[in-house]
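[1] sequence unknown, structure follows:
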Ligand code: ADE
Ligand code: ZN
């Protein structure tokens, strides 16, 4: 079997996918029509042309605008179902899906609507052979108070999500801002993850680990600037959910050939490959694997290690993990 076929067909876990980032322009237009929402773009093509980003914030502005078409439980289900079909086609057998409830509750959509729609799609995913779970993300550009209020609204639906994360604008919003809300989530028995070291400095990765006590770092590619941090990540096998096409589209690396995934793997880190916001960044899981492997010269051993890391880094039950690995 050649390497591209191996990469495409090997069973894998996706650990970093924002479900709102899987909304394809066609579905945005379909939902806008279904819900009578006016869009500031005349066509799918015009919307796609706006997907030219210079950094994280330039993307987030368009990403939050796209999510404005989501109003009803069925909309959240349909968005997640479209993603899950793509994941299954890419041989993803386990996925841990981020969602941003504050993007929706701020527009008057209830927490119940969001969670019930997404959760129903995750249950339906069993039919596709995909084991899907939800992780609620707090928006870090909003206040700690807003995050606490969001947690309060979500706790009645506790059985529908396995953990919490931290996303949105990283620079200027260090992990420390959310120390108390993460402590509460930890006491609730939720898994903890956070975006850190995407655009932000290694110091944010240290504080995500030491202050928030996260179990995984989302992105984390800036860790390579700090040898002591690299040693800790390797020694403790702390997973990094790396998103190569996202890093390319948001100009974290000037081109894919200069991506540091190989360096992370060869330093013994539990690095994984993920799609982040596939509808905006030009590809789902296998696009990320195939384009990155070609650009940085991955071999079969790297492929095997990445698949293994994805299951090792997942929050699947130990018995399921043992079966996957
Ligand atoms: N929300 C969606 N995608 C994100 C990313 N790449 N970084 C931070 N927040 C996000
Ligand atoms: Zn992300």
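    Looks like it came in fine. It should be emphasised that the depicted structure is a prediction, and the values quoted were computed from it without experimental measurement. Ligands and ions are numbered 1, 2, ... in the order given.

[2] For the protein, which residues are neighbours of ligand 1?
    18, 21, 56, 63, 167-168, 195, 198, 246, 276-277 (CB under 6 Å from any ligand atom). Bear in mind the C-beta positions are built from the backbone N, C-alpha and C, glycine included.

[3] Please report the distance of whichever residue of the stretch 1-150 of the chain sits closest to ligand 1 from residue 76.
    Closest contact between the stretch 1-150 of the chain and ligand 1, by CB to the nearest ligand atom, is at residue 18 (4.1 Å). According to CB to CB, to the nearest Å, residue 18 and residue 76 sit 13 Å apart.

[4] that older thread, Produce a ChimeraX select command limited to the buried residues of the residues of the chain next to ligand 1.
    Here is the ChimeraX command that selects the buried residues among the residues of the chain next to ligand 1 (16 or more other CB atoms under 10 Å):
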select :18,21,56,63,167,168,195,198,246,276,277
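
[5] Please produce JSON lines containing the residues of the chain next to ligand 1, extended by pLDDT and distance to residue 186.
    As requested, those are arranged in JSON lines below (pLDDT from 0 to 100; distance: CB to CB, whole Å):
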{"residue": "18", "pLDDT": "98", "distance to residue 186": "22"}
{"residue": "21", "pLDDT": "98", "distance to residue 186": "26"}
{"residue": "56", "pLDDT": "95", "distance to residue 186": "27"}
{"residue": "63", "pLDDT": "95", "distance to residue 186": "28"}
{"residue": "167", "pLDDT": "98", "distance to residue 186": "18"}
{"residue": "168", "pLDDT": "97", "distance to residue 186": "21"}
{"residue": "195", "pLDDT": "98", "distance to residue 186": "18"}
{"residue": "198", "pLDDT": "98", "distance to residue 186": "23"}
{"residue": "246", "pLDDT": "98", "distance to residue 186": "27"}
{"residue": "276", "pLDDT": "98", "distance to residue 186": "25"}
{"residue": "277", "pLDDT": "98", "distance to residue 186": "27"}
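
[6] So which of the residues of the chain next to ligand 1 is the closest to residue 255?
    Proximity of the residues of the chain next to ligand 1 to residue 255 (CB to CB) peaks at residue 246, which lies at 14.0 Å.

[7] from what I can see that closest one touches residue 281, true?
    Yes. Proximity of residue 246 to residue 281 meets the contact threshold set by CB atoms under 8 Å, at 4.8 Å.

[8] Now for those two: what residues contact both?
    The contact sets of residue 246 and residue 281 overlap at residue 275 (CB atoms under 8 Å, 6 or more residues apart in numbering).
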